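Asker: Prediction below, plus the sequence it came from.
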Amino acid sequence: MIRVQNLSFAYPDGRRALSGIDLEVRAGEKVAVVGPNGAGKSTLFLHLNGILRGQGRVEVGGLAVGERTLRQVRARVGLVFQDPDDQLFSPTVFEDVAFGPLHMGLPPAEVHRRVDRALAAVGMAGYERHMPHHLSIGERKRIAIATVLAMEPQVLVLDEPSSGLDPRARRNLIRLLRDLPMTMLVASHDMRLVWELCPRTVILDGGRLVADGQTADLLQDPGLMEAHGLETPYAPPG
């Protein structure tokens, strides 16, 4: 589903954010991308839908990311930001979730179908007329995910999805994400979430991919985790 080959990227100030990244993700995989601040996680994610474009090759569903394919690629890759308020800007939940399908030029009946389906998928059916800014942070995160699901992407990319959530909302979010069938990339400092959600983990540090393997193996290697500014999850569930 995702193939990244020899991807490198430097910002205009000369700071190199990615260096020779090679990564493949199969359809349906849930993969965590972890590393210290500044490791290149967000930069990598922004290459998956063409917001940033460096040297190397990025493919989504066999389609190379480029100027001519941006519209198709962005329909395939849904990006959920860390702060849901970066994605929620309409007076009502319905309008926020309908925004993407409307701008795809879909007929009203299909827009309503997609909104209903997306809200049901995140457990927020019945919230269509609510004002997003009156909802809790956990509810807003669910609505932000629904705005992306309404576009029916093949890949869901999430940046720090559990940030700011209380324990109950965090557990509910993990259950929600675990049940979604699509390919998923998750950047997180929450190693417990990584352990519970993603069978596979890749570690970025200094713009390089330094480890790629089973989550249970990587997260229980104290030397590896400490070397790259990460913590092992305490008392991992059996």
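Answerer: Arrived safely. Numbering: from 1, shown residues only.

Asker: so what pLDDT did the residue nearest to residue 137 when sequence neighbours are not counted get?
Answerer: Leaving out its chain neighbours, the residue that sits closest to residue 137 by CB to CB, 6 or more residues apart in numbering is residue 164, at 5.1 Å. Where C-beta positions appear, they are placed from N, C-alpha and C, glycine not excepted. Per-residue pLDDT puts residue 164 at 87.

Asker: so how many other residues sit close to residue 164?
Answerer: Neighbours of residue 164 under the rule other CB atoms under 10 Å: 15.

Asker: ditto for residue 195
Answerer: By the criterion of other CB under 10 Å, residue 195 has 20 neighbours.

Asker: Look up how far residue 229 lies from it.
Answerer: Note on residue 195: its distance to residue 229, by CB to CB, to the nearest Å, is 17 Å.

Asker: Over to residue 23?
Answerer: Separation of residue 23 from residue 229 (CB to CB): 20 Å.

Asker: The two: who's more crowded?
Answerer: residue 23 (18 against 15).

Asker: phi, psi of the more buried one?
Answerer: Backbone torsions for residue 23, taken as degrees, to the nearest 10, come to phi -150, psi 130.

Asker: can I assume it is in contact with residue 212?
Answerer: Yes: if you go by CB atoms under 8 Å, residue 23 and residue 212 touch, sitting 7.5 Å apart.

Asker: Let me see the ranges of the helices in this structure.
Answerer: 41-48, 70-76, 93-103, 108-121, 137-149, 167-179, 191-197, 215-218, 222-227 (DSSP state H).
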